[in-house]
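S.K.: how would this look folded up:
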Amino acid sequence: MTNQATRARATAPLDAIALAAASDLPKATELALAARSQGLADPLVHHLVALKLKSEGRFEEAVAELGLGLQLEPQNPRLTTEVGFCLLEMGRRREAAQVLGVAVKLDPMSAEASFGYGWAAERLGSLAAAESGFKRALALAPNHADALAGLSGLAVRRREWDAARSYAEQAAAINPQQTDALMNLARVEIGLGDFAAAEARLKGLIDLPHIKAQARTNARVLLGDALDGAERYAEAFAAYQLGKSEMREQHAQEFEGPRINTAYDGAREILTEFLASPASAWSSTGAAYSASEAGERGHAFLVGFPRSGTTLLEQVLETHPDVVTLDERPVMIDAEAEFLTQSGGVTRLAGVVGDLLAPFRQAYWNRVRAFGVDVRGKVFIDKHPLSTMRLPLISKVFPAAKIIFAIRDPRDVVLSCFRRSFNMNAAMYEFNSIERAAKFYDAVMGAGEAYLERLPFQAHPLRYENLVADFDGTARAVCDFLGIEWTEALRDFAQTARSGRIATPSSAQVTRGLYAEGVGQWRNYAFALEPALPILKPWIEKFGYDAG
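M.R.: Below you'll find the model as predicted:
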């Protein structure tokens, strides 16, 4: 056979696939699968096969397939973009943002790459970058339904209901199967108090045959919010429970099992090692390090437990001209990887002193700067509720730092954790049942109590209910603790938050401002909290909350 005939035989299937891909994607995919089974290697073939794998939720296999295509054509922006999308689906947000940033550079005119970068930025909490990515995608492709849905979601966070509705309606008109847009319309209806409309919309969304499992799960949880707003609490809890049960099933293989170390296990192990180490190893850490090369005026960690009011307080403090904050970003991961992820790490940490920890401090401040925060001359607030578990590490790396410890009625905390949809990780997985959430709360708060008793921190407890009932007095006390002057501008935190970035599920509540309805919500669900009450009772009594 001549070389020309060989080339013709090789290119014929590719020509057929390319022709089909222009008008009939299922046919093109079928042809690509057949060609792939016969050993044909080509970027288009690998791309179509990867899309098929991605549609089936086989994201790791899809990434591997895309990698084969990139070996043949390393600068292919479409393959690079799809790798980023798969990484996002797998929860690997930081890697996804890096890959999608490369995709945008490879093809600045790609609407998909710009949208993907915006999506990754949103998942990382960089909301300004997310908005920029979505708007750029729309400028390149005005009918980009996913980008419109993304802008709708950002508007929901800011409680800008008209804008959120407009973007979502445009997205749904372009693509009636755009489930994020439909969810955002329901969020608008809930925000405006039209609970019946939200209920009807969400029930219709749940019944759609094409909806992905995760989207259906999130819709069930949001349906709980609509029913809660209508004061149909038993039905609301049933919706939450079904959604969280599905969420647990979807992630059980990753976060639950006899050989898996859960977040609860991790909290207990860190505490056990800490208590077994000599008290003297922790008692004098403050003398080892008191200044910072970062040039900050002050440094505080805002800790406690998720849904305890940490986001609210962070936004209040961020309004102060002498304060900068960073919303739950992974800036301490270098030290965590060294001392908190493996058995024996805390024991090793107990024996570390002085300049041996300097590289971890430097890595921390480098990451803070990489997120665009300039701490020079400012009081820097590092808010992460579950940094409660990191207090031994913080005491060694930043012994001069202050601790603000957030407290809220444990029943409201556990209920709120159960009622929210979080980006899944080991800790958030514990919130898929009331009882597991209560046990995790007990483990974290027990650890926090032990650490604050034994570590030489300056610590300030802050009760969420006090902040709501006496904002000025409670906020003044925090300012005094941090060494900053009280300013009337702190009262305008909700307006400031609307123009800022809040990555957590608390965004809509914080931009609403102070409201008393967040206090005592557990009473509407007392029937559902019964399995958790024996676990939470000691904390209810310790913190002085009304037992009934």
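S.K.: Tell me the confidence at residue 286?
M.R.: For residue 286, the pLDDT comes out at 48.
S.K.: sorry, that was for residue 3
M.R.: We have a pLDDT of 42 for residue 3.
S.K.: and the residue lying closest to residue 426 once chain neighbours are set aside, how many neighbours does it have?
M.R.: Nearest residue to residue 426, sequence neighbours excluded (Cβ to Cβ, 6 or more residues apart in numbering): residue 263, at 4.2 Å. All C-beta spots, glycine's among them, are computed from the backbone N, C-alpha and C. Neighbour count for residue 263, taken as other Cβ atoms under 10 Å: 21.
S.K.: residues contacting residue 263?
M.R.: 425-427, 429-430, 440 (Cβ atoms under 8 Å, 6 or more residues apart in numbering).
S.K.: Taking these, please make a ChimeraX selection of just the buried ones.
M.R.: Burial among the contacts of residue 263 is assessed by 16 or more other Cβ atoms under 10 Å; the matching ChimeraX selection reads:
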select :426,427,429,430,440
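S.K.: And the contacts of residue 263, which is closest to residue 393?
M.R.: residue 427 (16.1 Å; Cβ to Cβ).
S.K.: Surely the closest one is in a strand?
M.R.: No: per DSSP: H, G, I helix; E, B strand; the rest coil, residue 427 lies outside any strand segment and is helix.
S.K.: Hmm, it is touching residue 384, no?
M.R.: No: counting by Cβ atoms under 8 Å, residue 427 stays clear of residue 384, with 10.6 Å between them.
S.K.: So for the residue nearest to residue 211 when sequence neighbours are not counted, what's the pLDDT?
M.R.: Sequence neighbours aside, residue 179 is the residue nearest to residue 211 in space, at 5.6 Å (criterion: Cβ to Cβ, 6+ apart). pLDDT, residue 179: 95.
S.K.: For residue 179, grab the count of nearby residues.
M.R.: Residue 179, neighbours per other Cβ under 10 Å, totals 21.
S.K.: ok, it - contacts?
M.R.: 205, 208, 211-212, 215, 219.
S.K.: Just the buried ones from those residues?
M.R.: 205, 211, 215, 219.
S.K.: For those, give me JSON lines that also has distance to residue 49.
M.R.: Below are these laid out as JSON lines (distance: Cβ to Cβ, whole Å):
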{"residue": "205", "distance to residue 49": "30"}
{"residue": "211", "distance to residue 49": "24"}
{"residue": "215", "distance to residue 49": "24"}
{"residue": "219", "distance to residue 49": "30"}
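S.K.: Dump those residues to JSON lines, plus secondary structure.
M.R.: Putting those into JSON lines (three-state DSSP) gives the following:
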{"residue": "205", "secondary structure": "helix"}
{"residue": "211", "secondary structure": "coil"}
{"residue": "215", "secondary structure": "helix"}
{"residue": "219", "secondary structure": "helix"}
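S.K.: with these in mind, which one is nearest to residue 50?
M.R.: For the buried ones among the contacts of residue 179, the nearest to residue 50 is residue 215 (21.3 Å; Cβ to Cβ).
S.K.: Give me the spatial nearest neighbour of the closest one, chain neighbours excluded.
M.R.: residue 179 (4.5 Å).
S.K.: Check the gap between the one you found and residue 434 for me.
M.R.: 27 Å (Cβ to Cβ, to the nearest Å).
S.K.: cool, and residue 239?
M.R.: In terms of Cβ to Cβ, residue 239 sits 14 Å off from residue 434.
S.K.: Then residue 258?
M.R.: With Cβ to Cβ as the criterion, residue 258 and residue 434 are 23 Å apart.
S.K.: And those two? Which one has more around it.
M.R.: residue 434 (24 against 4).
S.K.: list the contacts for that one?
M.R.: By Cβ under 8 Å, 6+ apart, the neighbours of residue 434 are 414-415, 418, 528-529, 531-532.
S.K.: Tell me what residue 405 is bridged to.
M.R.: Residue 405 has these beta-bridge partners by DSSP bridges: residue 303, residue 461.
S.K.: if we can go back for a sec, same list (the contacts of residue 434) but as a markdown table, adding neighbour count.
M.R.: Below are those laid out as a markdown table (neighbours: other Cβ atoms under 10 Å):
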| residue | neighbour count |
| --- | --- |
| 414 | 31 |
| 415 | 26 |
| 418 | 27 |
| 528 | 19 |
| 529 | 21 |
| 531 | 12 |
| 532 | 24 |
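S.K.: Isn't residue 229 up against residue 195?
M.R.: Yes: applying Cβ under 8 Å, one finds residue 229 in contact with residue 195, separated by 4.2 Å.
S.K.: Now do the strands in this protein.
M.R.: In the chain, the strands defined using DSSP state E lie at 298-303, 323-327, 379-383, 402-407, 458-463.
S.K.: a markdown table for those, including distance to residue 121?
M.R.: Below are the strands of the chain laid out as a markdown table (distance: least, Cβ to Cβ, whole Å):
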| stretch | distance to residue 121 |
| --- | --- |
| strand 298-303 | 23 |
| strand 323-327 | 13 |
| strand 379-383 | 19 |
| strand 402-407 | 27 |
| strand 458-463 | 30 |
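S.K.: how about those strands, which one is nearest residue 342?
M.R.: Nearest of those (Cβ to Cβ): strand 298-303, 22.4 Å.
S.K.: now the stretch 401-548 of the chain, which segments are flagged as low pLDDT?
M.R.: 494-517 (pLDDT under 70).
S.K.: show me where it has helices.
M.R.: 410-419, 426-429, 434-454, 464-469, 471-482, 493-498, 507-512, 533-542 (DSSP state H, counting those that start in this stretch).
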